[in-house]
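Student: need a 3D model of the sequence below.
(2 chains)
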2 protein chains.
Amino acid sequence: MPEPIPIIGATGALGWGLAMRLAAAGQPVVIGSRSQERADEAAGRVREVVPDADVQGLVNEEAAQRGAIVFLTVPFRAQSENLNNLRDALRPGQILVDCTVPTAAAVGGKATRTLGVWQGSAAQQAQEMVPDGVTVIATLHTVSAKLLGDPDAQLDEDILVCGDRKADKARVARIVELVPGLRTVNAGALEMARIAEQLTSLLISVNIRYKTHAGIRVTGLGEADHWG
Amino acid sequence: MPEPIPIIGATGALGWGLAMRLAAAGQPVVIGSRSQERADEAAGRVREVVPDADVQGLVNEEAAQRGAIVFLTVPFRAQSENLNNLRDALRPGQILVDCTVPTAAAVGGKATRTLGVWQGSAAQQAQEMVPDGVTVIATLHTVSAKLLGDPDAQLDEDILVCGDRKADKARVARIVELVPGLRTVNAGALEMARIAEQLTSLLISVNIRYKTHAGIRVTGLGEADHWG
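Tutor: Sure thing, here's the model as predicted:
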C-alpha cells in the first residue's frame, strides 16, 4: 500500500482538486483542514466523485503526520499561520510541498499582480518556517484549480517543480504525475519559485483575455524520463 | 511593399535571428548597430542564409527612423544607453518593441537570476525613457536566440506579448507571427512584462538541466485568432 498523501488546505479549490485526482489514481489521501467538520465534508465530496476513494479528513496537525510528503495548498494570506501551526507536527525528513502563490489578492489587490515576499518567494518563506530537517519543494503553480477539480476536464500541461535536491523533486514529481495529463518539469533550485509563483498571475491575465483556464507547457524537452 | 522593420542591436544573437527569420519571410528589415561596419557585416550574414533578403545595415539612430515598429534587442546593460541614443530618432506614433531581459548576467551574476528594475521591468523602464507618444510593447522573452538564429531549427512555441493597448500588441504580433512556428499570446498590460521577462531565467534554468533550448506554450487558448 502506498503511504497516504496529506494535503493541508484541501478544502480549497486547488487542494481539493489534487485530492480528488490522486484518489482517482488509487492513491490514499488525507484531507487537512482547520476544522474536522470541513475536512469530513471535503472528503465526502471526493467520495462522491471517486466512490472507491481511500480518503480521510483530519485537522491539519493530525493530517500532516500521516505521510512523508505533505502538500500545502492554502491561500498566501494563511500560509504563515498554517506553517506556525504545523511546527510541532512536521518531522525531520518530511517534505513540505508548497503550492502557495503570493498574488496581491491576498491583500485585496489584483490577482494579476503579486506581492513581494522578503525571502524571495512563498516557497522560500516556507523553507524558513518549517522545522529543521524538513525540505520544501514548490510546485503546482500553473494548473487551473478549476480544471484540476473537474473530473471531466482533460488535463494536458506541464507542472514546474522547484527544489534544491533532484531526488526530493523526483519524489514529488512522481506524485504529481499520478494525475493523468500532468507532466512535471525540473525548473531548478527552490529559489526559482520566485518565477514559478509569478506564473499564476500571468496565466490569470491570459485567462481574462481568452476566457479560458490556461496552463503552460515547456517545449524542447524530449521524451526521456528526467527523473529516472 | 511592407514597411521595413528596424531591429536595434541585431548584431546580437536574438536580434540577428529575428532579422534573418523576418527576411526569410519576405519582410524588409533594417539591422541597427552602433557601428556601420558591424551592421553591414550582420546584414551580409543574413544574405548568406537568405539570398533574396531585403536587408540593410545602418547605425541605430538611422535604423530607428526606417519603420514605424522598432525592435530593441540589446543586452540589459546596454538598454538605457541605447534608449538615450534613440531619443532624437524615435517619433510619436512609433512602437518600440522591447525584448530586453534583466538577468543578473548583466552585472556578472547568474543568468538564472534577475535584477530588480525600479520601474518593475525592463519594458517599463523603456516606456519611461522613450519620447512622448512612443508606445512600448514587450515580447520575445522566451524564444531561444540560438534556435531563432538557426535557419534549420523548426520552431513550435508561443511568444508572450505585453502592452497596454490591444491594437498595438496586434501590430507587433503580426510581425512576430511572420516567423513560422511562433504563435503570439496576449499576456496583458505592459506591467506583465515583470513576469514575462523573468521567464528567460526560468528557461535558462530548465536548459541547464535538460541540455536543450526550451520555450513555452500556453495551453487552453483554442484556435481562434485572438488579434482578429
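Student: roughly how far does the residue lying closest to A:Val179 once chain neighbours are set aside sit from B:Ile175?
Tutor: Nearest non-adjacent residue to A:Val179, counting by C-beta to C-beta, 6 or more residues apart in numbering or on different chains: A:Arg21, 4.4 Å away. In short, each C-beta sits where N, CA and C put it, glycine included. The gap separating A:Arg21 from B:Ile175 is 41 Å, by C-beta to C-beta, to the nearest Å.
Student: neighbour count: these two, which is higher?
Tutor: Set A:Arg21 next to B:Ile175 and count neighbours by other C-beta atoms under 10 Å in any protein chain shown: A:Arg21 wins out with 26 against 21.
Student: for the record, mean pLDDT for stretch A:86-94?
Tutor: When pLDDT is averaged over stretch A:86-94, the result is 98.
Student: contacts for the strand or helix carrying A:Arg21?
Tutor: Assigned by DSSP states H and E, A:Arg21 belongs to helix A:13-24. Contacts with helix A:13-24, where a contact means C-beta atoms under 8 Å, 6 or more residues apart in numbering or on different chains, come from A:5, A:7-10, A:29, A:31, A:42, A:45-46, A:49-50, A:53-55, A:71, A:73-74, A:99, A:140, A:143, A:145-151, A:175, A:178-180.
Student: what about 7 Å?
Tutor: A:5, A:7, A:9-10, A:29, A:31, A:42, A:46, A:49-50, A:53-55, A:71, A:73, A:99, A:140, A:145-146, A:148-149, A:151, A:178-179 (C-beta atoms under 7 Å, 6 or more residues apart in numbering or on different chains).
Student: of these, buried ones?
Tutor: A:5, A:7, A:9-10, A:29, A:31, A:42, A:46, A:49-50, A:53-55, A:71, A:73, A:99, A:140, A:145, A:148-149, A:178-179 (16 or more other C-beta atoms under 10 Å in any protein chain shown).
Student: where's A:Val74 relative to chain B, distance?
Tutor: 22 Å (C-beta to the nearest C-beta, to the nearest Å).
Student: secondary structure class for that residue?
Tutor: Of the three states, A:Val74 takes coil under DSSP: H, G, I helix; E, B strand; the rest coil.
Student: and for the one 3 residues further on?
Tutor: Here A:Arg77 is recorded as helix under three-state DSSP.
Student: for the one 3 residues further on, same thing?
Tutor: Reducing the assignment at A:Ser80 to three states with three-state DSSP gives helix.
Student: for it, which non-adjacent residue is spatially closest?
Tutor: A:Met129 (6.8 Å).
Student: same question for A:Thr100.
Tutor: Excluding the flanking residues, the one nearest A:Thr100 by C-beta to C-beta, 6+ apart is A:Ala122, at 3.9 Å.
Student: please apply the same query to A:Met1.
Tutor: Nearest non-adjacent residue to A:Met1, counting by C-beta to C-beta, 6+ apart: A:Pro28, 7.1 Å away.
Student: what residue is smack in the middle of chain A?
Tutor: Closest residue to the average C-alpha location of chain A: A:Cys99 at 3.9 Å, with C-alpha atoms, centre = their mean.
Student: touching chain B at all, stretch A:141-148?
Tutor: No: using C-beta under 7 Å from any C-beta of the partner chain, stretch A:141-148 stays clear of chain B, coming no nearer than 7.7 Å.
Student: what about A:Arg221, neighbour count?
Tutor: That one is not Arg; residue A:221 is Leu. Applying other C-beta under 10 Å, I find that A:Leu221 has 19 neighbouring residues.
Student: distance of the residue lying closest to it once chain neighbours are set aside from A:Ala170?
Tutor: Computed as C-beta to C-beta, 6+ apart, the closest residue to A:Leu221 that is not its neighbour in sequence is B:Tyr210, at 5.3 Å. Going from B:Tyr210 to A:Ala170 by C-beta to C-beta gives 14 Å.
Student: correct me if wrong: A:Val59 contacts A:Arg38.
Tutor: No: the criterion here is C-beta atoms under 7 Å, and A:Val59 misses it with A:Arg38 at 9.4 Å.
Student: picking that back up, which ones among the contacts of helix A:13-24 map onto strands?
Tutor: Counting by DSSP state E, the part of the contacts of helix A:13-24 found in strands is A:Ile5, A:Ile7, A:Val29, A:Ile31, A:Val55, A:Phe71.
Student: JSON lines please, covering these and showing distance to chain B and pLDDT.
Tutor: Converted to JSON lines, the ones in strands among the contacts of helix A:13-24 look like this (distance: C-beta to the nearest C-beta, whole Å; pLDDT from 0 to 100):
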{"residue": "A:Ile5", "distance to chain B": "25", "pLDDT": "98"}
{"residue": "A:Ile7", "distance to chain B": "24", "pLDDT": "98"}
{"residue": "A:Val29", "distance to chain B": "25", "pLDDT": "98"}
{"residue": "A:Ile31", "distance to chain B": "27", "pLDDT": "98"}
{"residue": "A:Val55", "distance to chain B": "28", "pLDDT": "98"}
{"residue": "A:Phe71", "distance to chain B": "22", "pLDDT": "98"}
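Student: determine which two of these are furthest apart.
Tutor: Taking C-beta to C-beta, the two most distant members of those are A:Val55 and A:Phe71; they sit 13.7 Å apart.
Student: excluding covalently adjacent residues, which one is nearest to the residue nearest to the centre of chain A?
Tutor: Nearest to A:Cys99 is A:Leu140, by C-beta to C-beta, 6+ apart, at 4.3 Å.
Student: that neighbour and B:Gly26: what is the separation?
Tutor: Plainly put, A:Leu140 is 44 Å away from B:Gly26 if you go by C-beta to C-beta.
Student: cool, and A:Asp168?
Tutor: A:Asp168 sits 51 Å away from B:Gly26, going by C-beta to C-beta.
Student: now do A:Leu96
Tutor: Counting by C-beta to C-beta, the gap from A:Leu96 to B:Gly26 is 54 Å.
Student: can you tell me which residues in chain A are near chain B?
Tutor: A:112, A:156-157, A:185-188, A:192, A:195-196, A:198-199, A:201-202, A:205-206, A:209-210, A:212-222, A:226.
Student: please name the residues that touch A:Val29.
Tutor: Contacts of A:Val29 (C-beta under 7 Å, 6+ apart): A:Pro4, A:Ile5, A:Ile7, A:Ala19, A:Leu22, A:Ala23, A:Val55.
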